[in-house]
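Trainee: Fold the following and give me the result.
(one chain, ligands or ions: 2)
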Amino acid sequence: MKHTKVKDLLNSTTTLQEVNAKGWVRTFRNNQFIALNDGSTINNIQCVVDFENTPEETLKRITTGAAVSVIGTLVESKGAGQKYEIQVNKLEILGDSDAEKFPMQPKKHSLEFLRENAHLRVRTNAFGAIMRVRSVLSFAVHKYFQEKGFVYVNTPIITGADAEGAGEMFQVTSLPLDNLPKTEEGEIDFKKDFFGKHTNLTVSGQLEGETFAMALGQIYTFGPTFRAENSNTSRHLAEFWMIEPEVAFNDLDDNMDLAEDFIQYVIKYALDNCKDDLAFLEGRLLEEEKSKPQADRSEMALLEKLNFVLENNFKRVSYTEAIDILRDSTPNKKKKFSYLINEWGADLQSEHERYLVEKHFKCPVILYDYPANIKAFYMRLNDNTEPGKETVRAMDILFPGIGEIVGGSEREERYDVLIEKMKALEIDEEELSWYLDTRRFGSATHAGFGLGFERLVLFVTGMTNIRDVIPFPRTPGSAEF
Ligand code: ATP
Ligand code: MN
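Mentor: Ligands and ions are numbered 1, 2, ... in the order given. Now for the predicted structure:
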């Protein structure tokens, strides 16, 4: 007999004579009521066991975590909270779970404990919900771009470009680390390495993505990205997934419009398609925040916050305006910021970004036109900027509780200007010659951005640590599983 998913049983429109459900026992109460979950939904189906006619031996094996198969009748439930339940006729234990040893007991576990058990934490309500929402969001990402005619590009994970410039890189080698071949000058001889050259794990697919945008028009990448930055924060992973659209003939305003529309679309898609999971996560967040002082609690519940982002335009503010706001802000005057903002040109730290979003504007903010010298070499220099106050057509999108969620720019399409910039920064032209070809042959205005997928999942699920929204987090000092 074929089994039916718990989700479909719970959504049934009629009672059913004989059904089969398979899943894992969440709880077993009164020697009679199994709460069965199979991962298809956050909701369990109640299975009522006829304990008088079930051997004691079998009843003992119905423990939290055990895999079971039940065959029975789908009947209207007398209990509160569910429409249907299964009156069990036949129960089979598929896989035992030693109640003494199974770590995921039906009680509240700390997030730290759950992280150490990342292979089992997905069996909890919260992590089941988070991972389903993550899956739906990634589908929404593809759906959005595909419906708009973007081409999905798989840029390389092992990159030969040393100068992607977005962060510290992990090196890739097959050389024996205890016996490295050396050149006559005594340096490591990468000619003897697997690729005959020095290679790294990618920090961004942008440069390769640009070459495709200059042929296919609108492209996006969605893949793993690696950064060896030793920033042990709640918003950084060493391995994360990034979405990077790149569009020919788009300028910075088009880029902002695209980013805003895209983010609103995927959040709306999650709201429409993850109702039960988001309702659960909203409750979880409210519960968690009860233990915090009033001032640290969010002003909005999760669903309200998500709807707020859909219904309100992101506030577009130039870097220069932002500096004025920050310089005159109370935390700056009272020296509460760790980095005080004194002058134009200062790089913004996450404390400043969060002040702007959470305290000042109280909505998502797009900061644009940053000083050229704090941004990457490929960003387009603004026309008509004062010497010493050059700005580039960069944009960062800042979200409440998250800080930067998107970084992007209009790209420098002018060959001469780009070359000059690379020279000033001592970026190897030879090595990026392929990239420069986009500017040599049929160059045109184009723009794109990178969105950190986990930061989006953080926002939508209301979680606060990025380690809790990726199945198996990689962070400094930790690569378990
Ligand atoms: P941050 O200042 O937060 O470190 P960044 O300026 O290094 O970010 P970009 O290089 O612009 O970020 O990368 C684009 C996007 O990728 C960011 O806006 C963010 O959403 C995401 N991102 C960057 N680094 C990480 C990381 N280590 N872990 C997870 N997401 C990241
Ligand atoms: Mn970074």
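
Trainee: Near the nearest residue to L91 once chain neighbours are set aside, how many other residues are there?
Mentor: Sequence neighbours aside, V70 is the residue nearest to L91 in space, at 5.2 Å (criterion: Cβ to Cβ, 6 or more residues apart in numbering). Placement of C-beta: from N, CA and C, glycine included. As a burial measure, V70 scores 23 neighbours (other Cβ atoms under 10 Å).

Trainee: try D437
Mentor: 14.

Trainee: quick one: is stretch 397-416 near ligand 1?
Mentor: Yes - counting by Cβ under 6 Å from any ligand atom, ligand 1 is contacted by stretch 397-416 at 404-407.

Trainee: and the lowest-mean-pLDDT helix or strand in the chain, anywhere near ligand 1?
Mentor: Taking mean pLDDT, DSSP states H and E as the measure, the helix or strand of the chain with the lowest value is helix 350-354, at a mean of 92. No - using Cβ under 6 Å from any ligand atom, helix 350-354 stays clear of ligand 1, coming no nearer than 7.0 Å.

Trainee: May I see the buried residues of that helix?
Mentor: 352-354 (16 or more other Cβ atoms under 10 Å).

Trainee: Where does the prediction get shaky in this structure?
Mentor: Along the chain, segments meeting pLDDT under 70 span 162-166.

Trainee: Might you report the residue contacts of M214?
Mentor: Counting by Cβ atoms under 8 Å, 6 or more residues apart in numbering, M214 makes contact with 248, 438, 442-444, 446.

Trainee: And N43, by the same measure?
Mentor: 6-7, 10, 37, 82, 276.

Trainee: re earlier: quick one: which of the buried residues of helix 350-354 is nearest to ligand 1?
Mentor: E353 (8.6 Å; Cβ to the nearest ligand atom).

Trainee: how far away is that closest one from F127?
Mentor: 28 Å (Cβ to Cβ, to the nearest Å).

Trainee: count of residues packed around the closest residue to K182 other than its chain neighbours?
Mentor: Nearest-residue entry for K182: D189, 5.8 Å, with adjacent residues in sequence omitted and distances by Cβ to Cβ, 6+ apart. Counted with other Cβ under 10 Å, residues neighbouring D189 total 14.

Trainee: any chance you could map the helices in the stretch 51-200 of the chain?
Mentor: Along the stretch 51-200 of the chain, the stretches classed as helices by DSSP state H, counting those that start in this stretch are 56-60, 111-116, 118-121, 125-147.

Trainee: Identify whichever of these lies nearest to ligand 1.
Mentor: helix 125-147 (13.4 Å).

Trainee: Residues of this protein that sit close to ligand 1?
Mentor: So the chain meets ligand 1 at 166-167, 227, 236-237, 240, 242, 404-407, 450-452, 454-455 (Cβ under 6 Å from any ligand atom).

Trainee: Just the buried ones among the residues you listed, please.
Mentor: 166, 227, 236-237, 240, 242, 404-407, 450-452, 454-455.

Trainee: Show me those that map onto helices.
Mentor: 454-455 (DSSP state H).

Trainee: tell me the contacts of the residue nearest to K182?
Mentor: Counting by Cβ under 8 Å, 6+ apart, D189 has contacts 180-183.

Trainee: Just the buried ones out of those, please.
Mentor: Buried among the contacts of D189 by 16+ other Cβ under 10 Å: none.

Trainee: count of neighbours near R284?
Mentor: Per other Cβ under 10 Å, the neighbour tally for R284 reads 18.

Trainee: if I read this right, it contacts F127, doesn't it?
Mentor: No - shown here, R284 and F127 do not form a contact pair, counting by Cβ atoms under 8 Å, at 10.6 Å.

Trainee: where's G442 relative to K315, distance?
Mentor: 36 Å.

Trainee: typo on my end, K143
Mentor: As judged by Cβ to Cβ, K143 and K315 stand 27 Å apart.

Trainee: OK, now which residue of the stretch 301-450 of the chain is nearest to ligand 1?
Mentor: G407 (2.4 Å).
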